[in-house]
Structure formats: structure tokens, C-alpha cells
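Novice: need a 3D model of the sequence below.
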Amino acid sequence: MRLRRLIVCSVLLALLPAAPSLAGEPPATPSPSPSATAAGEKLEEGLAVAEGSTRVIVELTDPGQTAPVAAQAAAEDAQVVLQPAAQPFIVVEGTAEELAALAEDPRVSSIHRDRAYPPTAVSSLPVIGADKVHATGATGAGQAVAILDTGIDRDHPFFGNRIIAEACFSSTEYDGVESLCPNGQSQMIGPGAADAEYAKCLLGSENLCEHGTHVAGIAAGGGGVAPGASIVAVQVFSRVNDEDACGAAACLMAFESSLRLAMDHIASLAPATPIAALNLSLGGQLSDTSCDGTEAGQVFKPKIDDLLSKGVATVVAAGNEYFTGTSFPACVSSAVAVGASNNSDQIADFSNSGSLLDLFAPGVEIESSVPDDVMATHSGTSMAAPHVAGALAVMKAAFPDQAIGALVDKLKATGRPFSYQVNGADVVTPRLDLAAAMTGAAPQPTATQSAPAPAPSVSGPSPRPSDDDPQSGDPGDDVDTPDPTPVPLPTITVTVTVTVTPPAAPAAVCTRGTAGTAMTAKQWAVEIYRGTGQLSDETLTCYLKLAHKASKVFPELTKASSLGKAYKVLKASKGARATLDGALLTAWLNWAHGATSALEKVNAAEKVRLGSTSGPALRKAATSLGG
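Specialist: Next up, the predicted model:
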């Protein structure tokens, strides 16, 4: 199976099969038998009608049945790619028929895609009062922060000798995916396991693994929020070598199976190792409500709750999509969801927001450590989350007898209130104030936020591009542009002395537009075709990445993984499926452009696209979007 079927934008990324031909209608399928219907209820939406092979997690009713179920899967000709010991799941790659047969096994409780997650991309200490707290001697000493990310620069001067444990969980069993564990295997425990300077982290002169070092530096670097705390570094990403999927020669993704194993590893260390917080600066599919009841939420919430019972808070970046809600797993109710603000106490123009968020923290132009013993500036909710993780280490060291949940509540109760409106309703979310939390001081005065301009309603994708379109030529795949994720710019070189280099502004965070005008499919096709529209390729690539993150359909079912392929989806006009794909992509692009914030109709149409082979049903869903 080609790697391009992997969603690689900033969203809940799932591995799905390639779409059937867009040109024709699928043949009618016979009604399933009662036993097939029961088995089908165990399959995630879309798997029963998928073509090709799909990588999935097979959930088991009993961890002791891992080996026999794996043997049964192999007997059904499915490929068993991961069989972790003492875990209630295995990872399998198989066709719809093979997965349906496996679902009939009573030892199997459910089957869903093995999703993958990208990384979400210190002068801020006075903003949260950390400098005042450090002056009292409170630095988080005796506590640790677990950083589940892209590893760490082990000898960076920012960390001293405070890295106390390392581990790596990096999926390898997939074409074009390489392990980032230095032993070349899918797991490694011990010194060097999370080395961010490992050779496979390098792409020419660029270090793909710098994100984790930056995050760790904010939480517990020598100039970070908890400069006395220890660090548990865990590499959870894999290297993806596919330019069509990445927008570059290679990129990093974290598979759900790797995250689950890593979280269980941290749980096994606590409470013998005093870990105050686990930081996840990554994110998946967007949600504007709690995701506890979703299939993914039902897997992750018990793990987050188990960690909480062992004194470890799970702190998660809320996401950078300028969305009212959060990305997964920040939407799990027992996680601490963190949005980004600037040093002037304004919500960052890229940050997600709303009632699902627990806290805001500084996340704009944050300087921290990166590999090769230097410093760099990044922006994003990825940078905000470790402020909270570090704050919890300081709080837990100062109040060891208080439960970590109570300390989270104290941070929320003493944070500076940010007041703003969401869909006409008043929302108040506190901004982290570590100094107030440590002393029990009353919160600072409320900071009222400026509301964004109301977005116009979305227009439908009709009329569709026609064959006499001036841009009817095939732009091909050469319109791919590099990933617009901000490239860190070193500002300080750390040697025996500190040498300051001229500052440079970090690149803008890829985020939704704020006041875009809705466009038709034909208009979007003109925009996407090289050099014919008003929007830059960088902006369009950003929009496409946001659509991929928020959508369950793009790009694997439609192959809309690049601007060239997206153009073809917008221009295709034969068949009910092609019509719906064009309508869906148009709706998502209008959402990314800021022309609408309503997703109810889009999500309903995606549900039809994933589960139906009926031409009339597909056409009706397209019509509901205006197609």
C-alpha cells in the first residue's frame, strides 16, 4: 500500500485505502446476513466498503488473547504488523473482506484505523510570573515532566544532567516509514532511546526532530518554567519518506499505537518516579464538543484517567486552527487543553479557543532549545502546553501532599480571565498565572478579547469546473509546495560563551483565514491552478492541510494530497462520488478560508461518503452542500 494514503496535515490522521474510480458508479451490493451485520458493527465507519488494504488497530476483549487473535488474522491473510505483549490490541493491515472476517471473532471488540498525528509547530516567563516564583527557590526540583514528542538533544546545555529516563515507541511496520529509535526497532528503553540527533532525524541540514527539544526546553529547560525539574523524554514519532504525502522529502508522524504504548510506559514509571505532567504537543481531528464518547476517546480517556490517578496530569496542545474547539486528544475531558496567547495577553490569532479549553499560556514567538546546542523561536499551542506542564511540576514540588487534579484546578482558579464570545455566548478561559497559583492570590483583572468579524454563510460549490475552463490543463503533481510549518530560526549560539545573532521573525503559523469570501468549486480550481488565482501557493497548501486535518475523507479517499490532486478533485464531474468529493473539498476550503464556521452539513455529508455506495445517496449529500 502506498504511503500517500496517510493523512499528514496538522489533524486526526487516519490510514485509509485509496478511493474507487471516480468515473463510474459502484455496483450494487447484496444485503448482508445477520452475522455479517453484527461483525460490521465492530468496524469503524468506512472500513466495510474500503478498497485496498488498511492499517487498523484490532481491539481485544482480553489482553491474553493477543497471540491467538494474531494467528487468526494471519490465517485470514491479513498482515499482523504489531503484536505488543500484555496489551489489549494488535495492529493489522488487511482488506475490507479480511477485516470483516476478523471482526466475526468474538475475542475482537472493535476495529478502527491506526491514526497518525503530526507535531502541532523564554521571554514569556514574566508573563506567567515564573520569574517571581523562581526567585523564591521554587523550580520544580524533585518532580519530572514527561515529554512525548520527537525526542531530545541529550547534551544540550539547557538540560544539564536532568534527563532521567528515555524511551522510544516508533512504528516501523509500514512501507516508507522508518523507526526513529536508534536501535532500528519499533521500541527502545534506556539511555539514548529518545536521541533527537539520531541520523534518521536528519534531512540534509534540517533536523526533523527539533520540536521535542523546543517543547522540553519550555517546560523544564535551564531557562524554562521548571528549571529544577527532571525530564522523561519519549520519542513517539516515525519518519515518513514520501514527498507526495509530506509536501517535502520526509516528515514525522506519530501513530496512535505508538502513543498508546508510550502513555502506558509513563504510567508504569509513576508513581515510583514523581512525574507531575505528561506533555502532548500534537493533535488530530477537530472537535467542538467533548470527545469522551468517541471510539478514540474511549481508548485515550481511561489512559489519561489512569495517569491522573497516579499523579500525572496529561497536558495537550489545543491546536492552531483558529477553531472554536480543540484537536484530539485535547478534547478528552480529563486532559488539560491549552490554547496560546501572546505576551500582551491577547489570544493568538492562530489558537483554537472556546469552552473546551482549560487554560491559555504564552505561545507566540517563544525562544527555547533545539538540537545542535542552539536556541530557536517557535509559535503555536505546542509552545503553550509545556508552560502548563512545567507549572504543574513547580506546583507539585511545592505542594507534594496535594493531588495533581487539585493543582490543575488551582491553576485554573487563579489564572487571569480571558473573556470573549463564541457564537454569541460569553466564554471565560483563564490564562496561566503561576505566581498567583503559588501564593493563592486573586486573579488579575479580566482581559477582554476582541471578537473576530462574523463569517458570511458558505455558498455551494456549483457550478462545477467545466472542460472549457481556461485552466483545464492538468497541472500535474509539480505544484506541491514545502510544508508551511514554521522553520525555527536560531537566535543564540550556546558554546562556552553566549553569542547573540540578529533576530529574525518566525514564519506565520498555518491557520484558518478570518474573513474570507466563499467561493465555488470552479473559483477554487482557478485559485489552486498555479499562478492563476489571488492566493499564494503557501496559503493554499496551508488550507489543504487544515482540510486534511479536520476531514475524515481527505486525502486518502480522494487522493487530494497536493494542490495538483486537489485541482483534479474540484474539476472531476463524472459520477456521484466525484460530485460529492468536489462538493466536500469546496466546503472544506471555504471553511479554511474563514468563509464559514459551520460544519454540521459537511460532517453529515462525510458520513454518507464513508458509508454509502448508493449513487442517489451520494448525489443527495452533494446537493445538501450546494453541489
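
Novice: use CA for all of it now, contacts and neighbours both
Specialist: Noted.

Novice: measure the residue nearest the centre of the chain to Ala598 for me?
Specialist: The residue lying closest to the centre of the chain (C-alpha atoms, centre = their mean) is Gly283, at 2.0 Å. As judged by C-alpha to C-alpha, to the nearest Å, Gly283 and Ala598 stand 21 Å apart.

Novice: and if you look at Ser562?
Specialist: 25 Å.

Novice: who's more crowded, those two?
Specialist: Ser562 (25 against 13; other C-alpha atoms under 10 Å).

Novice: give the contact list for Lys200.
Specialist: Residues counted as contacts of Lys200 (C-alpha atoms under 8 Å, 6 or more residues apart in numbering) are Leu180, Arg239.

Novice: again but with Val388, I slipped
Specialist: Contacts of Val388 (C-alpha under 8 Å, 6+ apart): Ala219, Val315, Val338, Ala361, Leu432.

Novice: tell me where the stretch 301-450 of the chain has strands.
Specialist: Using DSSP state E, counting those that start in this stretch, the strands of the stretch 301-450 of the chain run over 313-317, 326-327, 336-341, 359-362, 366-370, 374-378, 416-422, 425-431, 447-448.

Novice: straight-line length of stretch 238-255, end to end?
Specialist: 8 Å.

Novice: surely Ser379 touches Ala361?
Specialist: No: the criterion here is C-alpha atoms under 8 Å, and Ser379 misses it with Ala361 at 11.6 Å.

Novice: Gln285 and Val312, how far apart?
Specialist: With C-alpha to C-alpha as the criterion, Gln285 and Val312 are 24 Å apart.

Novice: what about the nearest residue to Ala194 once chain neighbours are set aside, how many residues close to it?
Specialist: Nearest in space to Ala194, with sequence neighbours left out and distances taken as C-alpha to C-alpha, 6 or more residues apart in numbering, is Gly151 at 4.4 Å. The number of residues packed near Gly151 is 35, by other C-alpha under 10 Å.

Novice: how about Gly151, what does it touch?
Specialist: Ala194, Asp195, Ala196, Cys209, Glu210, Gly212, Thr213, Ala233, Val234, Gln235, Val236.

Novice: wait, what's in contact with the fifth one?
Specialist: What it means is Glu210. Thr150, Gly151, Ile152, Ala196, Val370, Pro371.

Novice: among those, which one lies nearest to Gly390?
Specialist: Relative to Gly390, the closest of those is Ile152; by C-alpha to C-alpha it sits at 16.1 Å.

Novice: my guess is that closest one meets Ala194, correct?
Specialist: Yes: when contacts are counted by C-alpha under 8 Å, Ile152 is listed as touching Ala194 (6.0 Å).

Novice: tell me which of the two has more neighbours.
Specialist: Ile152 (36 against 32).

Novice: what residues are up against the more buried one?
Specialist: Contacts for Ile152 were tallied using C-alpha under 8 Å, 6+ apart; they are Ala194, Asp195, Ala196, Glu197, Cys209, Glu210, Gly212, Thr213, Ala216, Ala233, Pro371.

Novice: ok, and what's touching stretch 135-147?
Specialist: 133, 212, 215-216, 219-220, 225-234, 266, 273-280, 389-390, 393-398.

Novice: buried residues in that stretch, which are they?
Specialist: Neighbour counts over stretch 135-147 (16 or more other C-alpha atoms under 10 Å) mark Ala138, Thr139, Gly140, Ala141, Gly142, Gln143, Ala144, Val145, Ala146, Ile147 as buried.

Novice: spell out the secondary structure type for the fifth one.
Specialist: Translated: Gly142. coil (DSSP: H, G, I helix; E, B strand; the rest coil).

Novice: thinking again about what came up before, measure the residue nearest to the centre of the chain to Glu606 for me?
Specialist: Taking C-alpha to C-alpha as the measure, Gly283 falls 21 Å from Glu606.

Novice: pretty sure Met383 is touching Phe360, no?
Specialist: No: the pair Met383 and Phe360 fails to qualify as a contact (C-alpha under 8 Å) at a distance of 10.9 Å.

Novice: touching both of the two, which residues are there?
Specialist: Here Met383 and Phe360 have Ala340 as joint contacts, going by C-alpha under 8 Å, 6+ apart.

Novice: who has more neighbours, the two?
Specialist: More crowded of Met383 and Phe360, by other C-alpha under 10 Å: Phe360, with 36 against 33.

Novice: which ones are touching that one?
Specialist: Applying C-alpha under 8 Å, 6+ apart to Phe360 gives the contacts Val338, Gly339, Ala340, Ser341, Ile347, Ala384, Thr429, Pro430, Arg431, Leu432.

Novice: next, give me the two most distant ones among these.
Specialist: Checking the contacts of Phe360 with C-alpha to C-alpha, the most distant pair is Ala384 and Thr429, at 14.1 Å.

Novice: look at these two and report which has more neighbours.
Specialist: Set side by side, Ala384 and Thr429 show more neighbours around Ala384, with 34 against 24, by other C-alpha under 10 Å.

Novice: related to what we said a few turns ago, sitting in helices, which of the contacts of Glu210 do you find?
Specialist: Secondary structure assignment by DSSP state H places none of those in helices.

Novice: which of the residues you listed sits closest to Ala296?
Specialist: Taking C-alpha to C-alpha as the measure, Ala296 lies nearest Thr150 of the contacts of Glu210, at 22.1 Å.

Novice: list the contacts for that closest one?
Specialist: With C-alpha under 8 Å, 6+ apart, Thr150 has these contacts: Ala194, Ala196, Cys209, Glu210, His211, Gly212, Thr213, Val234, Gln235, Val236, Phe237.

Novice: kindly indicate which of these lies nearest Gln83.
Specialist: Of those, the one sitting nearest to Gln83 (C-alpha to C-alpha) turns out to be Val236, at 17.1 Å.

Novice: and the closest one, how far is that from Met188?
Specialist: Taken as C-alpha to C-alpha, the span from Val236 to Met188 is 11 Å.

Novice: next: Ser205.
Specialist: Counting by C-alpha to C-alpha, the gap from Ser205 to Met188 is 26 Å.

Novice: quick one: which of the two has more around it?
Specialist: Ranked by neighbour count (other C-alpha under 10 Å), Ser205 and Met188 place Met188 first, with 21 against 6.
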